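>>> model the following, please.
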Amino acid sequence: MKVLILGATGFIGFPAAQALVRAGHEVYGQTRNPDKAKLLVSEESTLCPPRLTFTTLVLVSRLGLHEWNNLVIPVIADPSKGEEWASIAEKADVVIDCIGGMDIKTISQYAFEVSLEAAKKVRGTSAPRLTYIYCSGTWVHGEDRGNLTSEHAVPKNTTALVSWRTAQEKRVLAASDAGAVNGIVLRPSLLYGRSGSIIAMLFGAAAAAALRPRRRG
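Below you'll find the predicted structure:
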């Protein structure tokens with residue numbers, strides 16, 4: 001499959017890109033930062049998939065990677081500017097939204113609309129539908145210390161901070177019901193590992209405190 005990951009250098013997007021490329025899929029990883037694009041290339045590099053763009057070829061050449069296969073193909077683009085990545089979405093079988101950042105609400109909504117238009121542009125009625133995977137989060141369930149919450153539970157106590165996510169989930173699933181895409185919603189929970197997530201911040205704070213000398217008295 002051809003897979004486009006929006007936010008491919010993030011805490012969720014990066015491991016997803018690695019897993020998909022190791023499974024033999026052709027993976028395009030969107031990132032805003034050229035330096036982070038180098039991370040995508042350097043992590044998985046043994047033979048180039050077909051139809052690489054000139055920009056990617058130059059990047060790979062500068063990194064000195066001449067024998068590559070299972071490559072995460074970097075797409076240096078601003079997710080809020082669809083013209084920079086819509087052509088990749090048009091030929092993708094799957095688009096995964098792992099977008100982060102300060103303006104995540106607006107960009108996630110916009111990215112879904114761009115992906116819908118890309119799917120309509122190149123797919124006929126008999127063609128397989130684009131699969132769109134939206135990474136939401138368990139925070140949509142809010143705080144409930146009295147009941148167990150399952151993945152099938154309807155969010156009831158969503159905080160204002162992430163209330164927009166439930167609307168985005170409904171938008172993706174409604175498009176799926178209408179036959180526009182195969183819509184899938186994931187709700188990652190409290191993630192940990194490497195240097196990311198809130199857990200890393202907690203351990204970092206603890207480590208910094210351990211190094212501070214205590215005052216007598």
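>>> show me the contacts for residue 181.
Applying C-beta atoms under 8 Å, 6 or more residues apart in numbering, we find residue 181 in contact with 115-116, 119, 129-132, 172, 175. The way it works is simple: take the backbone N, C-alpha and C, and place the C-beta from them, glycine included.
>>> and residue 85, its phi and psi?
According to degrees, to the nearest 10, the main-chain angles of residue 85 amount to phi -140, psi 0.
>>> swap that for residue 191, sorry
Backbone torsions of residue 191, given as degrees, to the nearest 10, read phi -90, psi 160.
>>> shouldn't it be in contact with residue 11?
Yes: the criterion here is C-beta atoms under 8 Å, and residue 191 meets it with residue 11 at 6.3 Å.
>>> the more surrounded of the two?
Remark: of residue 191 and residue 11, residue 11 carries more neighbours, 18 against 15, as counted by other C-beta atoms under 10 Å.
>>> just say helix, strand or coil for the more buried one.
In three-state terms, and counting by DSSP: H, G, I helix; E, B strand; the rest coil, residue 11 is coil.
>>> helix or strand right after the lowest-mean-pLDDT helix or strand in the chain?
When each helix and strand of the chain is scored by mean pLDDT, DSSP states H and E, helix 54-62 comes last, with a mean of 53. Using DSSP states H and E, the helix or strand that follows helix 54-62 in sequence is strand 72-76.
>>> in its sheet, what does that following strand sit against?
According to DSSP bridges, strand 72-76 has the following sheet partners: strand 26-31 (parallel).
>>> with just CA atoms, put the partner strand into CSV.
Extracted C-alpha coordinates of strand 26-31, given in CSV (Å, rounded to 0.1, in the frame of the first residue of the first chain):
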residue,chain,number,x,y,z
GLU,A,26,5.5,2.5,0.5
VAL,A,27,5.4,5.2,3.2
TYR,A,28,5.4,9.0,2.7
GLY,A,29,6.1,10.9,5.9
GLN,A,30,5.0,14.6,6.1
THR,A,31,7.1,16.9,8.2
